[in-house]
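*Asks:* A predicted structure for the sequence below; I have some questions about it.
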Amino acid sequence: MLKRLIPAVIIAIGIAGFAFLKMTRPEPAEVTATERSWRVQVQTLEPGTHTPVLPLYGELVAPEQVTVTATLPGRIGARPVTEGERVNAGDLLVALSEADIEPALAQARAQVRDLEAQIRSEQVRYRNDRAALESEKTILENARRQLERTRSLVDRNLASREALEAANDAAARAELTVSARQRSIDEHPSRLQSLEAKLAQAQASLANTERNAERARMVAPFEGVVTDIRVAKGDQVSPNQVLLSLYPAQGLELRARVPEMFRAELLDSLARGETLTATSADGQHSFRLVRFAGTSDASGTEAILRLAGDPGGLRPGGLLPVTLERAPREQTVAIPFSALYGADRVYLMTDEGRMRQVSVNRIGEARADDGERRLLVSGDALVSGARLITTHLPNALTGLKVDVSGTEAPAQ
């Protein structure tokens, strides 16, 4: 009987223990849902006047570069300059041999003297023709009278027919002589005009040869740098052959292509007389925007910037990045590029610690005091004291809860 009660007792003890443990267990903590907060950095805004900048990349050119060419055929007699040498105004660059210049001058002068002699000869001939014409007219009158006498004698059978024919021939020859002399006198103005025209042509050729002879000794017209030397002493050259080039030490220009969206603004600034300055990346060279090229294409228009100051190591043909300062803009804010979403959206932090999307107008780039590139924007919502979220969140949206991480960036 006792053995039958043991299993029942064990089961009863187990049930009692389970009930005891259930009554003495701790109550579970109540679970409540909490909203996640994102850590961001913010910048306190303070709108003010900023100078937007435009990065450009251009080529250096020398618009006043002079190309020296040979004026006469001959050999190079002297070339004292070398590539890249800096010369002063009046320094000899290159000269042709005198032995090749003198024959050309002598030939041109001889042609002028020959034509002057021909004109004098024509004038003497004209005076002689006029004097001879009077004598030949007298001879013609005598021949005509002799013809009439002979004809009268033949009519009276006092002279032969042969005598009449001889008298007639003499009169015809005298008349022909007078006609030829008169024609020579009549042609005098045209012959003289032709000789004078040839003389004028020869004189012009002489002047051109003398001018070319003077230019055969070529000197620097200004202080500059020698480049593109193509000949050496002793080389045979022909007229108009390029010998070397020279560009002025001052006056280098930078040609950089400007996008069309900025061209109208820059032209308006130039029209107002504003000075727009561009600085090289190393800060050693400064340029001033002076004008735009006359033509453009789909990629933009070339801006022409003139170098201010000494060129230093700059040379034509070199490529140079510069930063052009545009006209200052009021009520603008310089922000990090990371704060921009899309093309024209940023997020502000509300007093409740949430993100609020606002639209802005992109003006361009700006430079911070430490030289860092920043984005220059403006907008009605960018008021003094507003807090801009500068941390770029991939899941950013209006109403998202955020917390400030670290200290707020100072106003820009």
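*Replies:* That came in fine, so what should we check first?
*Asks:* helices of the stretch 1-150 of the chain, start to end?
*Replies:* For the stretch 1-150 of the chain, the helices defined by DSSP state H, counting those that start in this stretch cover 2-24, 98-155.
*Asks:* as TSV, these with distance to residue 196 would be great.
*Replies:* Where you see a C-beta, it was placed from the backbone N, CA and C, and this is true even at glycine. TSV is the format used below for those (distance: least, CB to CB, whole Å):
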stretch	distance to residue 196
helix 2-24	142
helix 98-155	7
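*Asks:* so which of those is the most surrounded?
*Replies:* Highest mean neighbour count of the helices of the stretch 1-150 of the chain: helix 98-155, a mean of 15 (counted as mean count of other CB atoms under 10 Å).
*Asks:* can you redo the helices of the stretch 1-150 of the chain as a markdown table with distance to residue 68 and mean pLDDT?
*Replies:* Formatted as a markdown table, the helices of the stretch 1-150 of the chain follow (distance: least, CB to CB, whole Å; pLDDT from 0 to 100):
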| stretch | distance to residue 68 | mean pLDDT |
| --- | --- | --- |
| helix 2-24 | 112 | 69 |
| helix 98-155 | 16 | 86 |
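*Asks:* out of these, which gets nearest to residue 381?
*Replies:* helix 2-24 (60.5 Å; CB to CB).
*Asks:* tell me where the stretch 201-350 of the chain has helices.
*Replies:* Going by DSSP H, counting those that start in this stretch, the stretch 201-350 of the chain shows helices at 260-271.
*Asks:* between the helices of the stretch 1-150 of the chain, which one is closest to residue 278.
*Replies:* The closest of the helices of the stretch 1-150 of the chain to residue 278 is helix 98-155. By CB to CB, the value is 48.0 Å.
*Asks:* quick one: list the elements packing against that closest one.
*Replies:* Helices and strands touching helix 98-155, as assessed by 3 or more CB pairs under 8 Å, 6 or more residues apart in numbering; DSSP states H and E, comprise strand 74-78, helix 161-186, helix 188-215.
*Asks:* could you check the angle strand 74-78 makes with it?
*Replies:* 140 degrees (axes from the mean of the first three to the mean of the last three CA atoms, to 10 degrees).
*Asks:* now helix 98-155 against helix 188-215, angle please.
*Replies:* Here helix 98-155 runs at an angle of 170 degrees relative to helix 188-215 (the same axes, to 10 degrees).
*Asks:* so helix 98-155 versus helix 161-186, what angle?
*Replies:* Interaxial angle of helix 98-155 relative to helix 161-186 (the same axes, to 10 degrees): 150 degrees.
*Asks:* okay, the helices and strands packed on helix 98-155 in JSON lines with mean pLDDT and distance to residue 349 next?
*Replies:* Converted to JSON lines, the helices and strands packed on helix 98-155 look like this (pLDDT from 0 to 100; distance: least, CB to CB, whole Å):
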{"stretch": "strand 74-78", "mean pLDDT": "91", "distance to residue 349": "77"}
{"stretch": "helix 161-186", "mean pLDDT": "83", "distance to residue 349": "110"}
{"stretch": "helix 188-215", "mean pLDDT": "91", "distance to residue 349": "76"}
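*Asks:* to residue 111, which of the ones you listed lies closest?
*Replies:* Shortest separation from residue 111 across the helices and strands packed on helix 98-155 is recorded for helix 188-215, at 4.5 Å, computed as CB to CB.
*Asks:* which positions within that closest one qualify as buried?
*Replies:* Under the neighbour-count criterion of 16 or more other CB atoms under 10 Å, helix 188-215 has 188, 192, 195, 198-199, 202, 206, 209, 212-213 buried.
*Asks:* ok, these vs residue 382, which is closest?
*Replies:* Of all these, residue 212 has the smallest distance to residue 382: 70.2 Å, by CB to CB.
*Asks:* identify the residues contacting the closest one.
*Replies:* Counting by CB atoms under 8 Å, 6 or more residues apart in numbering, residue 212 touches 71-72, 104.
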